[in-house]
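1. here is a sequence together with a model predicted from it:
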Amino acid sequence: MAIIISWILFGVAAAIAASNKGRDGFRWFFLGVLFGPFGLLFALLLKPLAEPAPAGARTNAGRKCPFCAETIKAEAKLCRFCGRDLPPNPAIATAAASDAAESAAIKTKVNKWERRWRRMLGH
Ligand SMILES: [Zn+2]
């Protein structure tokens, strides 16, 4: 019994590892159950489908003040060199929008999984 449970855990771990890399988690769940630790190992060795942008890199970069051309922080609303008000940074607005899109995509993925499980369980 313990072996069955640990095999299912390998399936779940493989599914999580695969879906973190943009793969089909459901398929990898079965591969993990079938191959146990080997399935998990393969899922961990999978190459990510899309290279995720390193967190922080997109907002931590400096930008140029349009008035005095000094390099200031991307989040700055006021230039520390010339003291002028700055227009909102378009890079930050884009980052916020892509975060929203990302969480919407995760929600869709969760819903898909839930429907699949319900179908499997006969609900
Ligand atoms: Zn300035």
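-> Thanks, I have the structure now.
2. how far off centre is the longest helix along the chain?
-> In the chain, assigned by DSSP state H, the helix with the most residues is helix 90-121. Relative to its chain's centre, helix 90-121 lies at 10 Å (C-alpha atoms, centre = their mean, to the nearest Å).
3. likewise stretch 9-26?
-> Distance of stretch 9-26 from its chain centroid, counting by C-alpha atoms, centre = their mean, is 13 Å.
4. do stretch 1-12 as well
-> With C-alpha atoms, centre = their mean, you get 26 Å for stretch 1-12.
5. same thing with stretch 27-45?
-> 20 Å.
6. which other residues reach it?
-> Residues outside stretch 27-45 that contact it (C-beta atoms under 8 Å, 6 or more residues apart in numbering) are 6-8, 10-15, 17-19, 21, 23. C-beta coordinates here come from the backbone N, C-alpha and C atoms, glycine included.
7. at 10 Å what do you get?
-> Residues outside stretch 27-45 that contact it (C-beta atoms under 10 Å, 6 or more residues apart in numbering) are 3-4, 6-21, 23-25, 46, 113, 116.
8. okay, strands next: where are they in this protein?
-> 62-64, 71-73 (DSSP state E).
9. format those as CSV; extra columns: distance to Gly83.
-> Listed next are those as CSV, based on distance: least, C-beta to C-beta, whole Å:
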stretch, distance to Gly83
strand 62-64, 16
strand 71-73, 11
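10. possible to save those strands as CSV with distance to the ion?
-> Putting these into CSV (distance: least, C-beta to the ion, whole Å) gives the following:
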stretch, distance to the ion
strand 62-64, 9
strand 71-73, 7
